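A.B. asks: Model the following, please.
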Amino acid sequence: SIETLLTHLEEIPSHFRLTLRQHGGGFLNHQLFFAMLRPAREENEPDGEIRTAIEKKFHSWNNFRQLFANEALKVFGSGWLWLY
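C.D. replies: Sure, this is the predicted structure:
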């Protein structure tokens, strides 16, 4: 499986590792992303505990969004960045 390949990259010939990590990782990111999609809400912002935690750490939702977007632009590929 792609999960097995990515968790054992050291066993893959070195000339394949970067390509496998980038494209295999992108494949897994897309699988996860599409599995988590939900219909958009009118106010497409988090609420509850996650909103409180974001505002505590980043001072506002808009500040968090700007910082997150800036970091995403630094990532290989299409700017995938996960918050967990």
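A.B. asks: mind checking how far the worst-scoring helix or strand of the chain on mean pLDDT is from the chain centre?
C.D. replies: Using mean pLDDT, DSSP states H and E, the weakest-scoring helix or strand in the chain turns out to be helix 25-36, at a mean of 88. How far helix 25-36 lies from its chain's middle: 9 Å, per Cα atoms, centre = their mean, to the nearest Å.
A.B. asks: other SSEs contacting that helix?
C.D. replies: Secondary-structure packing of helix 25-36 (3 or more Cβ pairs under 8 Å, 6 or more residues apart in numbering; DSSP states H and E): helix 2-7. From N, CA and C alone the C-beta is placed, and that goes for glycine too.
A.B. asks: If you count contacts, what does the helix it packs on end up packed against?
C.D. replies: Using 3+ Cβ pairs under 8 Å, 6+ apart, helix 2-7 sits against helix 25-36.
A.B. asks: hmm, back to that, pull the CA coordinates from the least confident helix or strand of the chain and hand them back as PDB.
C.D. replies: Taking C-alpha atoms only, helix 25-36 is exported to PDB below (Å, rounded to 0.1, in the frame of the first residue of the first chain):
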ATOM      1  CA  GLY A  25       2.200  11.900   0.000                       C
ATOM      2  CA  GLY A  26       0.100  14.100  -2.300                       C
ATOM      3  CA  PHE A  27      -2.100  11.100  -3.200                       C
ATOM      4  CA  LEU A  28      -2.700  10.400   0.500                       C
ATOM      5  CA  ASN A  29      -3.400  14.100   1.300                       C
ATOM      6  CA  HIS A  30      -6.100  14.100  -1.400                       C
ATOM      7  CA  GLN A  31      -7.600  10.900  -0.100                       C
ATOM      8  CA  LEU A  32      -7.800  12.300   3.400                       C
ATOM      9  CA  PHE A  33      -9.000  15.700   2.200                       C
ATOM     10  CA  PHE A  34     -11.900  14.400   0.100                       C
ATOM     11  CA  ALA A  35     -12.900  12.000   2.900                       C
ATOM     12  CA  MET A  36     -13.300  14.900   5.300                       C
END
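A.B. asks: which SS class is residue 43?
C.D. replies: Three-state assignment for residue 43 (DSSP: H, G, I helix; E, B strand; the rest coil): coil.
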